[in-house]
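Asker: Requesting a structural model of the entry that follows:
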Amino acid sequence: MLRNARNRFNALRGACRLFKRVQSLWQAPTARPVWPGLHLFALLGTLLLVQNVFAQGRPDIAWMRGGHTSFVRSVAFSPDSRLLASGSSDGTVKFWRVADGALLRTYDQETGPIVLSIQFSPNGRLFGYGRLDATVVVARNPFSN
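Answerer: So this is what the prediction gives:
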């Protein structure tokens, strides 16, 4: 808790220093800012920076992986929370092991140009996804028992 308070204090102190620099530039008689609203912009940026530092309940990231070649449109956890499926604009569904983030399989059968949404069935034996061409596909989960 002390570390968080120290980080917040340091961020706020740095934001105040930045604001003072911008304010001194604004008040200088020979210097004209390129943009008249620069001081307001700097103040807004400072407030957003400080707000981010004070954010509560930010999740700790367990793992993060790249693997798709385009935007990830949707993700879904399996009912037993052991798998994560991700659907992407690259037209693939990828299955990831939640424990360590390992890519288990890339599913590209009947995925079409873009996978918009994905969901597991309640028992985890099936998964379904929606494609950009207005088609819904239901397939067997390759990792179900």
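
Asker: so where's the protein uncertain?
Answerer: 1-59, 61, 63 (pLDDT under 70).

Asker: 50 instead, please
Answerer: 1 (pLDDT under 50).

Asker: List the contacts of residue 139.
Answerer: 107, 109-110, 126-129 (CB atoms under 8 Å, 6 or more residues apart in numbering). (C-beta placed from N, C-alpha, C; glycine too.)

Asker: Going through those, which ones are buried?
Answerer: 107, 127, 129 (16 or more other CB atoms under 10 Å).

Asker: Now intersect those residues with the helices, please.
Answerer: Among these, none falls in helices (DSSP state H).

Asker: List the ones among the residues you listed that fall in strands.
Answerer: Those of the buried ones among the contacts of residue 139 mapping onto strands are 107, 127, 129, per DSSP state E.

Asker: so can I have CSV of the residues you listed showing distance to residue 121?
Answerer: Shown next, in CSV, are those (distance: CB to CB, whole Å):
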residue, distance to residue 121
107, 15
127, 7
129, 12
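
Asker: Between these, which sits nearest residue 71?
Answerer: Checking these against residue 71 with CB to CB, the nearest one is residue 129 at 14.9 Å.

Asker: Settle this for me: the closest one is touching residue 135, isn't it.
Answerer: No - with contacts counted by CB atoms under 8 Å, residue 129 stays clear of residue 135, the gap being 9.3 Å.

Asker: Where do the domain boundaries of this structure fall?
Answerer: The record's domain parsing of the chain by automatic domain parsing lists 2-53, 72-140.

Asker: and residue 136, how far is that from residue 62?
Answerer: Here residue 136 is placed at a distance of 30 Å from residue 62 (CB to CB, to the nearest Å).
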